[in-house]
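Undergrad: This is a predicted model, with the sequence first.
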Amino acid sequence: MEITTRALWTLIHGMGFGALYLLASSGALLELYRLTTPSPPSPPTPGQFRFLNMYLVAMVVLAWAAVLTGAYVIYPWYRATPPPGAVDLSLFPQHLLMSNPATSGWHSLGMEWKEHVAWFAPISITTVAFVFIRYGRDLANHKQLRAAVLAFAAASFIAAGIAGCFGAMLNKNAPIQGGPSIQLSHGGVE
Amino acid sequence: MSSPPPTPPPNPSALTNGSGAAAILSAAIGAFALSICAIAADKMPSVNAALVFYKPTGPLSGVTTLAILLWILTWGILEFRWRKRTVALGFTCSVAFTLLALSFLLTFPPIADLF
């Protein structure tokens, strides 16, 4: 069992950072709503606020790690230009997709949207984390600010969802490949 | 005889809303700037070339770097001006939500291609 370094980086970007961020988003939305509700059934403890502070900081790190690895590690491999006359485009995913009308939309719509909309996730969640950490329990007293924080958390989730969905489909139609192989295990021959 | 101290309002806010409003509005401005820069880079070859800050990533590097710089700069300025103030949050949030919604729409290729 082996994996190429490019595929490993894609895995780290998509599953390590992106998917984990998406998983964390639903929890963040729920906890933000619960901890800042003006009349909670039981008052939240300081420990719950501390936990959500750390949770949101971890989300900020994940979101920035996802877009930065996406833009500066994987995207250059995706958009690399093949040498003139190249027939095998498997190492040039953008050109591979664009070479077939059945797959060109994955680039012209999918990647073109993903590469920009993905950045709304870290921008929004950084804002959410800042406001929550700054206001804490007091956020329950700022009704409009609380609504804005929840809306930005939802926007971050949507942006990451769009990017993640298209990322998965792009990698399914034109996987990022190449680079040295890493041997993960030696399989037996049956 | 001194009069009794005034009764505090229920749920007094320890902080003004200015700092939160600054964060919300600046994030929306940053997102909107990103969508405008992306359209400009796509439609104008000179802008496209100028925004190649890191060649392997192409103009995306300049588009996102500029938007993030504008976001951070706007945030810093608004935070400095609003942090101790109570601002019209309803209006600020309306502007922020509009900009954020436009940002999503303007990055969607079928809409971006209309320009």
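TA: That came through fine.
Undergrad: Next, count neighbours for B:A33.
TA: When neighbours are counted by other C-beta atoms under 10 Å in any protein chain shown, B:A33 registers 20. For the C-beta atoms, the positions are set from N, CA and C on the backbone; glycine is no exception.
Undergrad: before we move on, what about A:V149?
TA: Close neighbours of A:V149, defined as other C-beta under 10 Å, add up to 26.
Undergrad: residues contacting it?
TA: Listed by C-beta atoms under 8 Å, 6 or more residues apart in numbering or on different chains, the contact partners of A:V149 are A:32, A:36, A:127-128, A:131-132, A:139, B:20, B:24.
Undergrad: just A:M59 next, same as before
TA: A:21, A:24-25, A:28, A:125, A:129 are the contacts of A:M59 under C-beta under 8 Å, 6+ apart.
Undergrad: wait, doesn't B:T64 sit right on A:A71?
TA: Yes - at 6.6 Å, B:T64 counts as touching A:A71 under the criterion of C-beta atoms under 8 Å.
Undergrad: more crowded one of these two?
TA: It is B:T64, of B:T64 and A:A71, that has more neighbours when counted by other C-beta under 10 Å, with 26 against 23.
Undergrad: Regarding the more buried one, what is its secondary structure?
TA: Recorded secondary structure, B:T64: helix (DSSP: H, G, I helix; E, B strand; the rest coil).
Undergrad: Model confidence for it, exactly?
TA: B:T64 carries a pLDDT value of 97.
Undergrad: Mind telling me which residue of chain B is nearest chain A?
TA: B:P56 (3.4 Å; C-beta to the nearest C-beta).
Undergrad: Next, give phi and psi for that residue.
TA: The phi/psi pair for B:P56 (degrees, to the nearest 10) reads phi -60, psi -30.
Undergrad: Skipping its backbone neighbours, what lies nearest the residue in chain A that chain B sits nearest to in space?
TA: Taking C-beta to the nearest C-beta as the measure, chain A has A:P76 as its residue closest to chain B, at 3.4 Å. Counting by C-beta to C-beta, 6 or more residues apart in numbering or on different chains, A:P76 lies nearest to B:P56, which is 3.4 Å off, once chain neighbours are set aside.
Undergrad: Relative to A:A71, how far out is that neighbour?
TA: Noted for B:P56: a distance of 10 Å to A:A71, by C-beta to C-beta, to the nearest Å.
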